[in-house]
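> have a look at this prediction, sequence included:
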Amino acid sequence: MNDAVNTPEATAEPALILEGIEKSYNHGKPNEINVLRGASARIERGEIVGLIAPSGAGKSTLLQIAGLLDTADAGQVEIGGRLVTGASDRARTAARRGQVGFVYQFHHLLPEFSAVENIVLPQLAHGVSSAEAEARALDLLGRVGMEARAAHRPGELSGGEQQRVAFCRSLANSPTLMLADEPTGNLDPTTSDTVFDVLMELVRSTGLSALIATHNHELARRMDRVLKLEEGVLIPA
Ligand SMILES: Nc1ncnc2c1ncn2[C@@H]1O[C@H](COP(=O)(O)OP(=O)(O)OP(=O)(O)O)[C@@H](O)[C@H]1O
């Protein structure tokens, strides 16, 4: 196995710093809801951190802000040592595409393309040559035990296999940080267990940092440490 895909540097800045993140919805209205009330966290390079929270506590909101898909009302986000709060939309988009890989509960793979093509396409959009993109896609598929399924379309794969491909796609452009929102939440418990192991091995073998939200406390315990989102702040679990 080739470990050169994304090796963290010992002296590198933390992968993610969240400082005093606040977020409300329906601001100023009777139904205003203060979801995040000063959430702070620091994820070092190569660290895998679990995020647990009761339903509706604001886990998806937090991940979207950390991944620059949404903006906070207050507080700061730093990715790889760069302060991205207050940066232009263009700079935020560049930081998101270059540094963050997302994994969702549902795979969102393109149904008309094969597994390998689903991982190649984001790289082509990033200016990588097709030969290089295919080599990287096949390397990633090999890491999750899917090399024999590379030519299959999502509809020809099981739910767990589809999710493995989605993990690879999230790493297509060599991010430094993976953000995952219930990455095995739509799978049956046994498959979820196995596929979660595959995800952990993939993250570890590529030296990535990750923040992985799950309702499953057993899965959370497999990570380096766990944060709990409670009353709008992050506390050690
Ligand atoms: N765009 C929005 N407008 C208004 N309220 C919203 C919006 N998005 C989320 N909320 C509310 O903010 C709260 C947090 O939502 P969020 O989706 O972050 O929770 P969650 O912890 O991810 O929940 P779950 O585990 O059930 O997915 C919820 O009460 C939700 O209804």
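Okay, I see it. Since the structure is predicted, the reported quantities are computational estimates derived from the model, not experimental observations.
> how close does the residue nearest the centre of the chain sit to the ligand?
For the chain, the residue sitting closest to the mean C-alpha position, by Cα atoms, centre = their mean, is residue 179 at 2.1 Å. According to Cβ to the nearest ligand atom, to the nearest Å, residue 179 stands 12 Å off from the ligand. (Each C-beta comes from the backbone N, C-alpha and C, glycine too.)
> report the secondary structure state of that residue.
Here residue 179 is recorded as strand under DSSP: H, G, I helix; E, B strand; the rest coil.
> what's the spacing between it and residue 111?
24 Å (Cβ to Cβ, to the nearest Å).
> next one: residue 104
16 Å.
> same thing with residue 193?
Distance from residue 193 to residue 111, by Cβ to Cβ: 27 Å.
> those two: who's more crowded?
Set residue 193 next to residue 111 and count neighbours by other Cβ atoms under 10 Å: residue 193 wins out with 15 against 8.
> the more buried one: which element?
helix 189-206 (DSSP states H and E).
> show residues contacting that helix.
Helix 189-206 has contacts (Cβ atoms under 8 Å, 6 or more residues apart in numbering) with 1, 3, 5-6, 48, 103, 140, 143-145, 158-160, 163-164, 167-168, 171, 178, 180, 183-185, 187, 210, 212, 216, 219, 222-223.
> and the angle for it with strand 177-181?
Helix 189-206 and strand 177-181 are oriented at 170 degrees to each other (axes from the mean of the first three to the mean of the last three Cα atoms, to 10 degrees).
> what's the offset of helix 189-206 from the middle of its chain?
Between the centre of helix 189-206 and the centre of its chain there are 13 Å (Cα atoms, centre = their mean, to the nearest Å).
> show me what residue 233 is bridged to.
Here residue 233 sits in beta bridges with residue 230, going by DSSP bridges.
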